[in-house]
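J.: Show me how the following folds:
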Amino acid sequence: MDESKYIAIDLKKKEEERFARFMQVTTDALKKDARQNAEYYGKQNGEKLEGVVLDKMRSYASTFDISPNDIRPTLKQHFPDILFGNRFGVEVKSTKEHSWVSTGSSIVESLREEQVKKVYLLFGRLSFPDIDFRCKPYEECLYDIAVTHSPRYLINMDLKNSSQTIFGKMQVNYDTFRESSNQIEIVRDYYREKFRTSGKKGEMPWWIGSDSNLSSEPFPALQQSGSIRMWDIIDRPTQEWLKACAFILFPEILGNETTKFQNLALWLCSRYSIISSSLRDKFSAGGRGDIYVDGTLRWANKPKVICNLLIQLDTIRNIFKSHSYPYEDIRYYSNYFRPNVDLFESWKQIINHNIKSCGIRIEDLLQLKFLKCVSNINFYTEDIKHAE
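T.: Take a look at the predicted model:
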């Protein structure tokens, strides 16, 4: 038995306990000092506070048998702000508000000091005259992620247990997450599932990072260009394919709710940076129409959105059959998703529910093979050379 391994583990634990005690002493000293010099602390900002904390830590270094020179600042923008010896660090954050909530550092930690294994977050509430400080292990203070141009942690020093942290919610260990090569995918999957199961209206997680599915999308116009684009400048074939995706992911657009196009609008914006000032018209313009099949009137005076569904039906059927994109995204956006269930059958049930008042069943439409459309409301089941 190699007892040296157990000795190393025991020493490591003692080092962590010493560091925790040191940070508690430093925090208590800052609290005491702030009560006596509230005006001074109230004038500090984030960068100045780092210097105050550094000086306070150094003043207690010898008490814990450590040289003040071993407590040193890192380079600007590096994580964490202060190093304690070779294995520990302190990130300093503050707010002028009378709260324990603030925005933290980037989740990527690309400028993290490699030797640091344990970080504590020292948080200063600099709301004069009630100055206060708290300090906890870094991962125990992070409750959510703000998805901006660079996803950043959100801090809440009031968290009571690990289940309230963002890592508890994502069901991943902090060290595992920070060392992962697919952090963005973990975050995206968490927020997708949160959106899908929340039932909230009018909001959707922003599309962040790359995705392998992008390579399977059939139209170059769908590659994100870094610009927000209007629907009307997108070429017609791409528009039609997006309509097919809309019927698959958001079958509620066939329903009667006044908000039925909200999720589709958010998806187009967050997924492809495409917006439309009149999205409803792309599916329902003209109100109602007569549907002819092979020149014979089949359904009279039906909503135009059903006509548009009929136009896209072969594309939709092929997507479900081949499991091509956006089939995989059904689990992120659609309420009808259930694991190990035939999604095409589930989709048809939703469609039938949404169009039952029109006297048409999706099975009636699916009987029409190789559908071609002329003038949007005249359909043929044979190949027409000049079909639109």
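
J.: give me phi/psi at residue 134?
T.: For residue 134, the backbone dihedrals are phi -140, psi 150 (criterion: degrees, to the nearest 10).

J.: Excluding residues flanking it in the chain, which one is nearest it?
T.: Leaving out its chain neighbours, the residue that sits closest to residue 134 by Cβ to Cβ, 6 or more residues apart in numbering is residue 157, at 4.7 Å. Yep, even glycine has a C-beta here, placed from its N, CA and C like the rest.

J.: Now do the phi/psi pair for the one you found.
T.: Torsion angles, degrees, to the nearest 10, at residue 157: phi -80, psi 0.

J.: Would you state the strands of the stretch 1-150 of the chain in chain order?
T.: Under the criterion DSSP state E, counting those that start in this stretch, the stretch 1-150 of the chain contains strands at 71-73, 82-84, 88-95, 101-106, 118-125, 132-137, 142-146.

J.: deepest of the ones you listed, which one?
T.: Among the strands of the stretch 1-150 of the chain, strand 118-125 has the highest mean neighbour count (mean count of other Cβ atoms under 10 Å), at a mean of 24.

J.: Quick one: the strands of the stretch 1-150 of the chain as a markdown table, columns for mean pLDDT too.
T.: Shown next, in a markdown table, are the strands of the stretch 1-150 of the chain (pLDDT from 0 to 100):
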| stretch | mean pLDDT |
| --- | --- |
| strand 71-73 | 96 |
| strand 82-84 | 96 |
| strand 88-95 | 95 |
| strand 101-106 | 90 |
| strand 118-125 | 96 |
| strand 132-137 | 97 |
| strand 142-146 | 90 |
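
J.: Out of those strands, which gets nearest to residue 312?
T.: strand 142-146 (35.6 Å; Cβ to Cβ).

J.: next structured bit after that closest one?
T.: strand 152-156 (DSSP states H and E).

J.: Other residues contacting that following strand?
T.: For strand 152-156, contacts defined as Cβ atoms under 8 Å, 6 or more residues apart in numbering pick out 93, 100-107, 121, 123, 141-146, 164, 166.

J.: continuing past that strand, what's the next helix or strand?
T.: That would be, after strand 152-156 and using DSSP H and E, helix 166-170.

J.: Need the mean per-residue confidence for the helix or strand following that following helix.
T.: Downstream of helix 166-170, the first helix or strand assigned by DSSP H and E is helix 174-178. Here helix 174-178 scores 95 as its mean pLDDT.

J.: start the count at 429, not 1, going forward
T.: I'll keep to 429 as the first residue from here, and by that count the last item is helix 602-606.

J.: Between strand 570-574 and whatever helix or strand comes next after helix 602-606, find me the angle.
T.: The C-terminal neighbour of helix 602-606 among helices and strands, as given by DSSP H and E, is helix 611-626. Orientation of helix 611-626 against strand 570-574 (axes from the mean of the first three to the mean of the last three Cα atoms, to 10 degrees) gives an angle of 90 degrees.

J.: about what we covered before: my guess is the residue nearest to residue 562 meets residue 560, correct?
T.: No. Here residue 585 lies out of contact with residue 560, judged by Cβ atoms under 8 Å, at a distance of 9.7 Å.

J.: Can you list the helices and strands that the longest helix seen in the chain packs against?
T.: In the chain, assigned by DSSP state H, the helix with the most residues is helix 431-464. Counting by 3 or more Cβ pairs under 8 Å, 6 or more residues apart in numbering; DSSP states H and E, the packing neighbours recorded for helix 431-464 are helix 474-487, strand 516-523, strand 546-553, strand 560-565.

J.: Select, out of these, the one closest to residue 607.
T.: Of the helices and strands packed on helix 431-464, nearest to residue 607 by Cβ to Cβ is strand 546-553, at 13.7 Å.

J.: Please enumerate residues in contact with the closest one?
T.: Residues contacting strand 546-553 (Cβ under 8 Å, 6+ apart): 444, 447-448, 451, 454-455, 458, 469, 472, 477, 481, 507-508, 515-523, 525-528, 530, 532, 559-566, 569, 583, 585.

J.: For it, which strands pair with it and how are they oriented?
T.: Strand pairing for strand 546-553, determined by DSSP bridges: strand 516-523 (parallel), strand 560-565 (antiparallel).

J.: Need the CA coordinates for it. CSV is fine.
T.: These are the backbone C-alpha positions of strand 546-553, laid out as CSV (Å, rounded to 0.1, in the frame of the first residue of the first chain):
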residue,chain,number,x,y,z
LYS,A,546,-9.9,26.1,-5.3
VAL,A,547,-11.4,29.6,-5.6
TYR,A,548,-13.3,31.6,-3.0
LEU,A,549,-15.6,34.5,-3.9
LEU,A,550,-15.3,37.5,-1.6
PHE,A,551,-18.3,39.8,-2.2
GLY,A,552,-18.6,43.3,-1.0
ARG,A,553,-21.9,45.0,-0.6
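
J.: tilt between it and helix 474-487?
T.: Using the same axes, to 10 degrees: strand 546-553 against helix 474-487 is 120 degrees.

J.: Could you check the angle strand 546-553 makes with strand 529-534?
T.: 150 degrees.

J.: The nearest residue to residue 492 once chain neighbours are set aside and residue 617: what is the separation?
T.: Excluding the flanking residues, the one nearest residue 492 by Cβ to Cβ, 6+ apart is residue 450, at 5.0 Å. Going from residue 450 to residue 617 by Cβ to Cβ, to the nearest Å gives 38 Å.

J.: cool, residue 705 as well?
T.: 32 Å.

J.: what about these two, which has more around it?
T.: Neighbours were counted for residue 705 and for residue 617 using other Cβ atoms under 10 Å; residue 617 has more, 14 against 8.

J.: For that one, give its distance to residue 623.
T.: 11 Å.

J.: just for the stretch 629-778 of the chain, where's the confidence low?
T.: For the stretch 629-778 of the chain, applying pLDDT under 70 flags the ranges 629-646, 648-649, 651-654, 714.

J.: how about stretch 663-678: buried residues?
T.: 666, 667, 669, 670, 671, 672, 673, 674, 675, 676, 677, 678 (16 or more other Cβ atoms under 10 Å).
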